[in-house]
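Participant: Sequence and computational prediction follow.
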Amino acid sequence: MELDRKPVAARRWYHWHEPGTTKEEKWLIFKLDLNILTYLCLATHVRTIYILRFFCGMAESGVLPGAWYIIGSWYKKSEIGRRTSLFYFSATGGQMLSGIIQGGIYRSLKGHKGLASWRWLFIIDFVISMPIALMGLCVCPDEPKAKRIWWMSEKERQRCIQRIKEDDRDPGTVSWNLEAVKTVLKSWQLYAFCIAWGTLELTCGVSLQRWMVLWLSSVKVNGHKKYSVPEVNFMPVGIGGAQLVWMLIASWTSDYYRNPSIVIVALGTVQLFCYIVFAVWPNNNDFIMAAFYICSAYGAIGPLIGSWLNSSCGGDRTLRAFTSGLTSSVGFGLGTAAQQTMFPVSQAPKFRPTHGFIFGIVWIVFAAIVWCGIIMPIMERRFPPRPKETQTDLDDEPHPSPLPDQRQDIIASKLS
């Protein structure tokens with residue numbers, strides 16, 4: 001007796017996976033393929049590195065909006081700021097660790113096995129990324145109402161769902177149709193956060209560590225470089241440590257007062273002061289170094305904008321997902337263009353011919369102080385989020401019809 005079997009589709013030339021491959025297996029294969037595709041240590045020309053870095057950017061493009069979306073799905077408004085900062089801790093910690101690894105590789109692996117130190121750097125990056133991909137596949141959760149993750153009990157999942165309902169952000173159903181697109185396009189969040197993140201990225205504060213590396217490399221004493229290559233790699237690590245402190249202070253303050261705009265204005269003012277120092281560029285190297293470390297306040301603005309976006313979208317999952325993705329894309333696109341045109345490496349560290357820091361000062365004033373500090377709070381008060389209409393499990397059950405006597409009482413009460 002033959003067992004019933006599901007028909008398996010024949011494999012076509014355009015199929016990347018074998019027929020019957022599960023969704024989880026496809027994601028794992030996708031991550032592994034991208035790791036192999038971006039194996040930069042095999043590059044023999046700078047053009048090859050440019051092409052492979054393009055694929056790296058494609059793989060990384062969904063990380064930030066995806067993280068914003070998942071964090072906003074699990075935490076209340078009073079918690080999102082700190083949890084978003086906790087996610088940014090990993091990025092900042094990665095930058096700090098990267099500087100330490102680069103310095104160590106340069107000293108210990110330069111020329112080892114006939115390979116340059118930069119090739120060893122990419123090899124080690126590849127080795128590190130493999131367990132991270134496997135870990136993400138196994139432990140990262142979906143939304144609370146999606147399939148339960150293995151490390152969470154059903155009781156815990158239901159409590160998480162209830163917590164979001166108590167916060168008036170119970171997510172409705174996601175429907176990608178014409179009506180949903182119209183709703184997204186009419187929302188103030190889509191445009192406000194794209195402008196906020198985009199103009200903030202135009203300040204190019206994300207390049208702060210790179211600028212410090214270029215400055216340390218240019219400092220000379222008696223015609224000789226003052227700092228060695230390992231020192232140039234190690235000293236900017238302090239910027240990441242200062243960013244962690246700024247993130248802690250900013251996220252706790254924002255969650256406590258439920259007012260991210262005031263905190264963003266304060267952080268933007270600190271960045272504005274440091275950019276003025278860079279534009280003037282005094283002869284005191286110690287003062288310039290202190291300005292680099294203090295300017296790390298910029299790193300605390302991103303988590304606040306991400307948490308603000310989640311809170312303002314309420315329970316509209318479609319709006320939250322689309323706004324997160326477009327905001328991230330617009331910001332990084334504008335930031336990359338600004339870095340190439342206003343802060344080219346050939347003009348580092350002062351960027352005088354392009355007036356880079358003057359350019360940054362203008363956008364700091366607009367993004368952090370005018371837009372996030374004045375205009376967006378007005379928009380949020382003018383257009384509060386509308387709660388999504390959702391049904392509980394009890395709503396799905398049929399309600400008993402009133403008895404005849406009850407009907408008469410109801411009719412009499414309405415007539416009176």
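Facilitator: Received, thanks.

Participant: make it CA atoms for all contacts and neighbour counts henceforth
Facilitator: Will do.

Participant: which ones are touching the residue lying closest to residue 331 once chain neighbours are set aside?
Facilitator: Leaving aside its chain neighbours, residue 331 sits nearest to residue 198 (3.8 Å; criterion: CA to CA, 6 or more residues apart in numbering). Residue 198 makes contact with 327, 330-332, 334-335, according to CA atoms under 8 Å, 6 or more residues apart in numbering.

Participant: buried subset of those residues?
Facilitator: Buried members of the contacts of residue 198, counted by 16 or more other CA atoms under 10 Å: 327, 330-332, 334-335.

Participant: any chance you could map the strands in the stretch 201-350 of the chain?
Facilitator: Counting by DSSP state E, counting those that start in this stretch, the stretch 201-350 of the chain has strands at residues 220-221, 224-225.

Participant: Out of these, which is the most enclosed?
Facilitator: Neighbour counts (mean count of other CA atoms under 10 Å) averaged over each of the strands of the stretch 201-350 of the chain peak at strand 224-225, with a mean of 11.

Participant: quick one: average confidence on it?
Facilitator: Across strand 224-225, pLDDT averages out at 88.

Participant: what does stretch 169-186 give?
Facilitator: 80.

Participant: Same check on stretch 67-78?
Facilitator: Here the average pLDDT along stretch 67-78 is 85.

Participant: Check stretch 333-346 too.
Facilitator: Averaged over stretch 333-346, pLDDT sits at 92.

Participant: tell me the contacts of the closest residue to residue 96 other than its chain neighbours?
Facilitator: Once flanking residues are discounted, residue 96 sits nearest to residue 237: 4.8 Å by CA to CA, 6+ apart. Residues near residue 237 by CA under 8 Å, 6+ apart: 95-97, 99-100, 209.

Participant: where does residue 237 land on pLDDT?
Facilitator: 86.

Participant: ok, now residue 306?
Facilitator: pLDDT, residue 306: 91.

Participant: any idea how far it lies from residue 300?
Facilitator: 11 Å (CA to CA, to the nearest Å).

Participant: where along the stretch 301-416 of the chain do the helices fall?
Facilitator: 301-312, 317-342, 356-364, 376-382, 404-415 (DSSP state H, counting those that start in this stretch).

Participant: As CSV, those helices with distance to residue 59 would be great.
Facilitator: Compiled in CSV, the helices of the stretch 301-416 of the chain are given as follows (distance: least, CA to CA, whole Å):
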stretch, distance to residue 59
helix 301-312, 20
helix 317-342, 13
helix 356-364, 29
helix 376-382, 31
helix 404-415, 62
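
Participant: Could you identify which of those helices is most buried?
Facilitator: Scoring the helices of the stretch 301-416 of the chain by mean count of other CA under 10 Å, the most buried comes out as helix 301-312, with a mean of 24.

Participant: And that one, what does it pack against?
Facilitator: Packing contacts for helix 301-312, counted by 3 or more CA pairs under 8 Å, 6 or more residues apart in numbering; DSSP states H and E, involve helix 63-74, helix 77-108, helix 188-201, helix 237-257, helix 260-280, helix 317-342.

Participant: looking at those, which is closest to residue 115?
Facilitator: Counting by CA to CA, residue 115 lies closest to helix 77-108 out of those; the figure is 11.3 Å.

Participant: Just the angle for that closest one relative to helix 301-312, thanks.
Facilitator: Put simply, helix 77-108 runs at 150 degrees to helix 301-312, going by axes from the mean of the first three to the mean of the last three CA atoms, to 10 degrees.

Participant: Of all the strands of the stretch 201-350 of the chain, which one is nearest residue 288?
Facilitator: Of the strands of the stretch 201-350 of the chain, nearest to residue 288 by CA to CA is strand 220-221, at 14.8 Å.

Participant: So what are the sheet partners of that closest one and their directions?
Facilitator: Note on strand 220-221: by DSSP bridges, its sheet partners are strand 224-225 (antiparallel).

Participant: quick one: the strand it pairs with to chain centroid distance?
Facilitator: How far strand 224-225 lies from its chain's middle: 39 Å, per CA atoms, centre = their mean, to the nearest Å.

Participant: Identify all contacting residues around that strand.
Facilitator: With CA under 8 Å, 6+ apart, strand 224-225 has contacts from 217-219.

Participant: one more time with 10 Å
Facilitator: Contacts to strand 224-225, defined as CA atoms under 10 Å, 6 or more residues apart in numbering, come from residues 216-219.

Participant: Quick check: phi and psi on residue 152?
Facilitator: phi -120, psi 130 (degrees, to the nearest 10).

Participant: burial measure for it, as a count.
Facilitator: 10 (other CA atoms under 10 Å).

Participant: my read: it touches residue 141, true?
Facilitator: Yes. If you go by CA atoms under 10 Å, residue 152 and residue 141 touch, sitting 9.3 Å apart.

Participant: quick one: the residue lying closest to residue 354 once chain neighbours are set aside and residue 350, what's the gap?
Facilitator: Setting aside the residues directly before and after it, residue 354 is nearest to residue 342 in space (CA to CA, 6+ apart), at 5.6 Å. Separation of residue 342 from residue 350 (CA to CA) stands at 11 Å.

Participant: what's the answer for residue 291, then?
Facilitator: Taking CA to CA, one finds residue 291 at 13 Å from residue 350.

Participant: Now for these two: what residues contact both?
Facilitator: residue 278.

Participant: related to what we said a few turns ago, let me have the contacts of residue 237 in JSON lines, extended by neighbour count.
Facilitator: Shown next, in JSON lines, are the contacts of residue 237 (neighbours: other CA atoms under 10 Å):
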{"residue": "95", "neighbour count": "18"}
{"residue": "96", "neighbour count": "21"}
{"residue": "97", "neighbour count": "15"}
{"residue": "99", "neighbour count": "20"}
{"residue": "100", "neighbour count": "18"}
{"residue": "209", "neighbour count": "23"}
